[in-house]
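Visitor: What shape does this take:
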Amino acid sequence: MKASSLSLMVCLMSAFSNAQQPDVIFVNGKVWTVDTARPNADAVAVFRDRILAVGSNADIKKMAGDRTAVVDWKGKRVLPGLIDDHTHFMSGGFQLRSIDLRRARNEAEFAELIARRASKYPDRWMTGGDWDHDNWPDGKLPTKELIDGATSSTPVFVSRYDGHMALANTRVLILAGITRETKDPPGGTIVRDAKTGDPTGILKDGAMDLVYRVMPGPSEEEMLEAARLALAEARRCGLTGIQDISSIEDFRIYQKLRAAGELTVRVYARLPVAENEHLIRTGIRIPFGDDWIRIGSLKAFADGSLGSSTALFCQPFASDPTTHGLATDIVQDGRLEKWAFDIDKAGLQISIHAIGDSANELMLNMFEKIVRSNPPRDRRFRIEHAQHVRPQDFDRFARLGVIASAQPYHAIDDGRWAEKRIGHDRCKTSYAFRTFIDRHVKLCFGSDWTVAPLNPISGIYAAVTRRTTDGANPDGWFPEQKISVREAIECYTINNAYAAYEENDKGSITPGKLADFTVLSDDILQIDPVRIEQVQADMTIVGGVVVYDRSKAER
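Guide: Predicted coordinates for the structure are as follows:
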């Protein structure tokens, strides 16, 4: 045999041997795999960024070679890497560097926080906010008069925490050209003083666009800073994947961070529906991308929110019988239906925000038309939020294969005041997690950050206990809609992977899948569910690499 042939054979044998040797083994865990073939295990072996084997400590330790690293999970509960199915990730990062008004307990504190910020940054746009007037004693919406005195040189545009209305000060109203003569735009409301007709400063849904048009955009450096803050928060919360409501600009930032080796969460990016023609022309089909960044879904809005009284219902609001809520302009003028048909025909995924029962019904009707008209395929339609559903529509979700993309923390937050908005009866089928599962609807979970905390453990706690944040429902708000801890974990893992066409790569601790794991401080499968909200991520592992270790972060 020639020396060159012998050398080649030795190299091939060495490569084969190394392929069997894990780069790292993780041992001494209480692993719940979300894989029915082997639900429980102690240890996992990883080669490169994929799971090589799952098994007992003894079996996995036998696989270790002289170059294999060993990580001790120290008896902690280990889950597949948790995925958030609905984030506004860059907005979350910007919120972390903006004003936080969620803690304001009344109008006076709200105004004081804004005044303090304006004095520190007098000429800088003030955004963010996340205020919640339902926390205030009188529950009234704020007005520009509350803040004008302290913000004469500061443009202020701060959103309610649901993102469906915001308060503008007089300076911003002038910049946007909003006066008493300005008409309500399609799908939006300019709230006006009952006596004078002047704008109060509150703009709802489509009316907010009047300000966004004149608001300066962030620089690339500001976007990178926001993204890094968001990534740090995701690592701390144990998230290994997000399904983001992204923009083209966000997508570029994610790519830049990945090229620099800074991306520590896997991104499934969903672009605004208005980008559909551009995405269709590229010829991209779902799912497109790699293990770190994927794209192929488009997001649209059918209505507003419950808290802003702009969610679209079949019957009027109990709190305001003059309104059923608002359909967005693209629903009203037919663009959404045309776009949805084109998106589906192009092999892309459509995700639609629908909160009110009428909005959900309208979207199901549209999906039904698409199924009848377009060629058959694996569609995986998504309704984002699916908060308030008529009893007769649950089976339609199942029949059409529509994914219910829900955010469980909303149930315990909105549950403080939801019955005031729509009455007791409609709340029986609101945030109906148990009903969706029982009707064999694919249920997925996320946060809607910054509307709710990014932490998926908070979402699991909410889905399992349904204890409202005001402490008024210790046994659960509509407790018949509770689900089990295991079901909630599945909603954050394998179900979320399915919603992004990624179930062959993510969502369970199975040989061949990506080595993404979340390690918890306490065993949520064993402790009293009431204690789950205190549980933290001890370790976040993406592709076999520990990207967060609480024991080191807290030193």
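
Visitor: Can you show me the helices along the stretch 51-200 of the chain?
Guide: 57-63, 89-96, 107-120, 145-148, 170-176 (DSSP state H, counting those that start in this stretch).

Visitor: wait, which of the ones you listed is closest to residue 495?
Guide: helix 89-96 (19.8 Å; CB to CB). (Glycine included, C-beta is placed from N, CA and C.)

Visitor: so what secondary structure elements neighbour that closest one?
Guide: Identification of packing neighbours for helix 89-96 by 3 or more CB pairs under 8 Å, 6 or more residues apart in numbering; DSSP states H and E yields strand 128-131, helix 220-236, strand 239-245, helix 248-259.

Visitor: Select from those the stretch with the lowest mean pLDDT.
Guide: Mean pLDDT values for the helices and strands packed on helix 89-96 show the minimum at strand 128-131, a mean of 89.

Visitor: ok, so what distance separates residue 347 from residue 267?
Guide: 20 Å (CB to CB, to the nearest Å).

Visitor: Quick check on the two: which one has the bigger neighbour count.
Guide: Of the pair residue 347 and residue 267, residue 267 is the one with more neighbours under other CB atoms under 10 Å, namely 24 against 17.

Visitor: In this structure the more buried one contacts residue 240, no?
Guide: No - contact criterion CB atoms under 8 Å: residue 267 and residue 240 do not qualify, at 10.9 Å.

Visitor: residues making contact with whatever helix or strand residue 209 lives in?
Guide: Assigning secondary structure by DSSP states H and E places residue 209 in helix 209-212. Helix 209-212 is contacted from outside by 157, 166, 168, 172, 175, 176, 177, 178, 182, 185, 188, 203, using CB atoms under 8 Å, 6 or more residues apart in numbering.

Visitor: same thing but 7 Å
Guide: Outside of helix 209-212, the residues within contact range by CB atoms under 7 Å, 6 or more residues apart in numbering are 157, 168, 172, 176, 178, 185, 203.

Visitor: Show me what counts as buried in stretch 36-54.
Guide: Within stretch 36-54, the residues scored as buried using 16 or more other CB atoms under 10 Å are 41, 42, 43, 44, 45, 46, 47, 50, 51, 52, 53, 54.

Visitor: Residue 327 versus the closest residue to residue 328 other than its chain neighbours, what's the distance?
Guide: Nearest non-adjacent residue to residue 328, counting by CB to CB, 6 or more residues apart in numbering: residue 187, 4.2 Å away. Using CB to CB, one gets 7 Å for the distance from residue 187 to residue 327.

Visitor: Verify the stated contact: residue 26 with residue 44.
Guide: Yes - contact criterion CB atoms under 7 Å: residue 26 and residue 44 qualify, at 4.8 Å.

Visitor: what touches both of the two?
Guide: By CB under 7 Å, 6+ apart, no residue touches both residue 26 and residue 44.

Visitor: Quick check: pLDDT value at the most centrally placed residue in the chain.
Guide: Central residue of the chain (CA atoms, centre = their mean): residue 86, 2.2 Å from the mean position. Note on residue 86: pLDDT of 98.

Visitor: What of the one 5 residues further on?
Guide: Note on residue 91: pLDDT of 92.

Visitor: Identify the residues contacting the closest residue to it other than its chain neighbours.
Guide: Spatial nearest neighbour of residue 91, chain neighbours left out: residue 450 (6.0 Å); criterion: CB to CB, 6+ apart. Neighbour list for residue 450: 88, 91, 92, 95, 130 [criterion: CB under 7 Å, 6+ apart].

Visitor: isn't the third one right up against residue 228?
Guide: Spelled out, it's residue 92. No - assessed by CB under 7 Å, residue 92 is found out of contact with residue 228, at 11.8 Å.

Visitor: what is residue 272 paired to in the beta sheet?
Guide: Under DSSP bridges, the beta-bridge partners of residue 272 are residue 299.

Visitor: number of nearby residues for it?
Guide: 14.

Visitor: My read is that it contacts residue 299, right?
Guide: Yes - with contact defined as CB under 7 Å, residue 272 reaches residue 299; the gap is 6.3 Å.

Visitor: Kindly reformat the contacts of residue 450 as JSON lines containing distance to residue 478 and neighbour count.
Guide: As requested, these are exported to JSON lines (distance: CB to CB, whole Å; neighbours: other CB atoms under 10 Å):
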{"residue": "88", "distance to residue 478": "27", "neighbour count": "21"}
{"residue": "91", "distance to residue 478": "30", "neighbour count": "23"}
{"residue": "92", "distance to residue 478": "29", "neighbour count": "23"}
{"residue": "95", "distance to residue 478": "30", "neighbour count": "24"}
{"residue": "130", "distance to residue 478": "26", "neighbour count": "21"}
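
Visitor: Pull up the gap between residue 147 and residue 124, please.
Guide: 15 Å.

Visitor: Residue 98 too?
Guide: 10 Å.

Visitor: Neighbour count for those two, which is higher?
Guide: residue 98 (20 against 12).

Visitor: Low-confidence stretches in the stretch 1-150 of the chain?
Guide: 1-19 (pLDDT under 70).

Visitor: Recalculate using a threshold of 50.
Guide: 1-18 (pLDDT under 50).

Visitor: Strands along that one, start to end?
Guide: 24-27, 30-32, 40-41, 43-47, 50-55, 69-72, 77-80, 82-87, 99-100, 128-131 (DSSP state E, counting those that start in this stretch).

Visitor: pretty sure residue 437 is touching residue 443, no?
Guide: Yes - between residue 437 and residue 443 there is a contact at 5.7 Å, judged by CB under 7 Å.

Visitor: out of these two, which sits in the busier spot?
Guide: Higher neighbour count among residue 437 and residue 443: residue 443, with 29 against 19, using other CB under 10 Å.

Visitor: Please enumerate the strands of the stretch 251-400 of the chain.
Guide: According to DSSP E, counting those that start in this stretch, the strands that the stretch 251-400 of the chain contains are 266-272, 288-289, 293-301, 349-354, 382-385.

Visitor: Throw those strands into JSON lines and include distance to residue 113 and mean pLDDT, thanks.
Guide: Formatted as JSON lines, those follow (distance: least, CB to CB, whole Å; pLDDT from 0 to 100):
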{"stretch": "strand 266-272", "distance to residue 113": "31", "mean pLDDT": "96"}
{"stretch": "strand 288-289", "distance to residue 113": "40", "mean pLDDT": "92"}
{"stretch": "strand 293-301", "distance to residue 113": "29", "mean pLDDT": "95"}
{"stretch": "strand 349-354", "distance to residue 113": "29", "mean pLDDT": "98"}
{"stretch": "strand 382-385", "distance to residue 113": "29", "mean pLDDT": "98"}
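
Visitor: Now distance to residue 108 too, for these, in a markdown table please.
Guide: Putting these into a markdown table (distance: least, CB to CB, whole Å) gives the following:
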| stretch | distance to residue 108 |
| --- | --- |
| strand 266-272 | 38 |
| strand 288-289 | 49 |
| strand 293-301 | 34 |
| strand 349-354 | 34 |
| strand 382-385 | 33 |
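
Visitor: of all those, which lies closest to residue 135?
Guide: Per CB to CB, nearest to residue 135 of these: strand 382-385, 21.4 Å.

Visitor: So which residues make contact with the closest one?
Guide: For strand 382-385, contacts defined as CB under 7 Å, 6+ apart pick out 86, 349, 351-355, 360, 363, 402-407, 499.

Visitor: Let me know the closest of the residues you listed to residue 195.
Guide: Residue 195 lies nearest to residue 355 out of the contacts of strand 382-385, by CB to CB, at 31.6 Å.

Visitor: Excluding chain neighbours, give the residue nearest to the closest one in space.
Guide: Closest to residue 355 by CB to CB, 6+ apart is residue 311, at 4.0 Å.

Visitor: Report pLDDT for that neighbour.
Guide: 97.

Visitor: quick thing: my sequence starts at 6, can you match it?
Guide: Got it, first residue is 6 now, which makes that one residue 316.

Visitor: how near is it to residue 339?
Guide: 21 Å.

Visitor: Those two - which one has more neighbours?
Guide: Applying other CB under 10 Å to residue 316 and residue 339 shows that residue 316 carries more neighbours, namely 30 against 9.
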